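[1] Return a 3D structure for these sequence lines:
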Amino acid sequence: MTYSFCTDVVTRYPFSFVSSLHFILSTMRPRISQPQKTSTRTPRLFSFDARRGTPTSSSSSRRQARRFAAASSNNNNNNNNNDDDDIQTSSSDAQKTRRETLVNVAFLGLSLPLWKDVFHDLGFYSGPDDEFADVPSSDNRGSAPGEPRLNVAVFAGGCFWCMEETFENAEKAGAVVATTSGYAGGTVANPKYLQVCKGGTGHKEVVRVLYDENKISYKELLFLYFRQIDPTREDGMFLDGGEQYTSAIYVNSDEQKKEALEAIDRMEKLNVFRTDENASESKVIKTKVVDLRELPAEGQFFPAEIYHQDYFEKNKGRYSVYRFMSGRDPFTQNTWQNQFDKRVGGEDKAFEAIFD
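    A predicted model of the protein is given here:
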């Protein structure tokens, strides 16, 4: 359970860990020492008479001295040029070091805001954003003409950040009134993110969708939902592992239950999610349909902390990194746009094939 939780935190906040690791490694990098200069020893101007044991001048020694004088002059010029090159190299290295330091500090600065979320998740920080979010009311059932007919749908499809984004367009169009990230199906009331991620409470990450039945149907919500998940797994969802990230549909009426079960049965017959890897399985869709009316109070929907709500909008950069690493988009595009939609003649035809 602990391993699953630790990997979950790392994969949800990869930029924080990568940036911080980059900064630490770069500051620990050893400096490359400059090569030492070698001195040139002056040759003797006198030859040595071994028989007499005394130094004596010779013409060859004088010629050697003249050659050395010329060489010394060239060496001095070369040394001066080398000194200039060393100064330029040193200046260039200093500028490069400053640039690297600025880049490292910038990376670290960008990652610091994410550490606040990490500390939230690890339970080391508690602030205003750590409180439970408010849950929009669904009391208005369209009793008067022209009023919206509000209803609630609850879906588990892995990371609730991604599931909230699933219904973004419908929310912008006014068909979905509000989405709320939270937890459902567990044995503990008012669970915190830390408890759910560790596992053992029975909760799944879910999104509660408050929608207007006059503008969007439950079948349309189911269609959006299945186009954003991998329902074939029983051990997690994409990058996230554990029971808390498996798929489930929490229904609150006989009608919702009937439509969800019929959709799953129809997709099985149409082989929407069947691949070479699961071809031998009799049933590939593992999504559970759970009746909220049959669950105890602890198993009902509970909102997640405020900092998790609308995370995909409030933290676009960080969320984009996580979503890219998760592999959710390539899977859904290959399953639907590249295969099933093409097979039946488009997205609208896909909806008709499943629900009509």
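[2] Okay, domains of this protein per the record?
    What automatic domain parsing lists as the domains of the chain is 2-28+59-122, 132-355.
[3] Throw those into TSV and include mean pLDDT, thanks.
    Formatted as TSV, the domains of the chain follow (pLDDT from 0 to 100):
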stretch	mean pLDDT
domain 2-28+59-122	60
domain 132-355	94
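[4] Quickly note the distance from Cys235 to Pro148.
    Careful, residue 235 is Asp and not Cys. Distance, Asp235 to Pro148, by CB to CB, to the nearest Å: 39 Å. Using the backbone N, CA and C atoms, a C-beta is placed for each residue, glycine as well.
[5] Looking at the two now, which is surrounded by more residues?
    Comparing Asp235 with Pro148 by other CB atoms under 10 Å, the one with more neighbours is Pro148, at 17 against 12.
[6] For the closest residue to that one other than its chain neighbours, list the residues it contacts.
    Counting by CB to CB, 6 or more residues apart in numbering, Asp212 is the residue found nearest to Pro148 once chain neighbours are left out, at 4.1 Å. By CB atoms under 8 Å, 6 or more residues apart in numbering, the residues touching Asp212 are 148-150, 174-177.
[7] so Asp129 sits right up against Ile306, yeah?
    Yes: Asp129 lies in contact with Ile306 (CB atoms under 8 Å); the separation is 4.6 Å.
[8] Run a quick check on Tyr245 versus Gly199, I expect a contact.
    No: the criterion here is CB under 8 Å, and Tyr245 misses it with Gly199 at 10.0 Å.
[9] List the contacts of Glu147.
    Contact analysis of Glu147 by CB under 8 Å, 6+ apart lists Asn140.
[10] And the strands in the stretch 201-350 of the chain?
    Counting by DSSP state E, counting those that start in this stretch, one finds strands in the stretch 201-350 of the chain at the ranges 204-212, 236-237, 240-241, 247-251, 288-291, 302-303.
[11] highest average neighbour count across these?
    With neighbours taken as mean count of other CB atoms under 10 Å, the strands of the stretch 201-350 of the chain reach their highest mean count in strand 204-212, at a mean of 25.
[12] Can you give the strand pairings for that strand, parallel or anti for each?
    If you go by DSSP bridges, strand 204-212 pairs up with strand 150-157 (antiparallel), strand 176-184 (antiparallel).
[13] Tell me which of the ones you listed sits nearest to Met267.
    Set against Met267 and scored by CB to CB, the strands paired with strand 204-212 come closest in strand 150-157, at 14.6 Å.
[14] Dump that closest one to PDB, restricted to CA.
    Written as PDB, here are the backbone C-alpha positions of strand 150-157 (Å, rounded to 0.1, in the frame of the first residue of the first chain):
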ATOM      1  CA  LEU A 150     -31.300  18.500 -11.800                       C
ATOM      2  CA  ASN A 151     -29.900  15.000 -11.300                       C
ATOM      3  CA  VAL A 152     -26.600  13.600 -10.100                       C
ATOM      4  CA  ALA A 153     -24.200  11.100 -11.700                       C
ATOM      5  CA  VAL A 154     -21.100   9.700 -10.000                       C
ATOM      6  CA  PHE A 155     -18.300   8.100 -12.000                       C
ATOM      7  CA  ALA A 156     -15.000   6.500 -11.000                       C
ATOM      8  CA  GLY A 157     -12.400   6.600 -13.900                       C
END
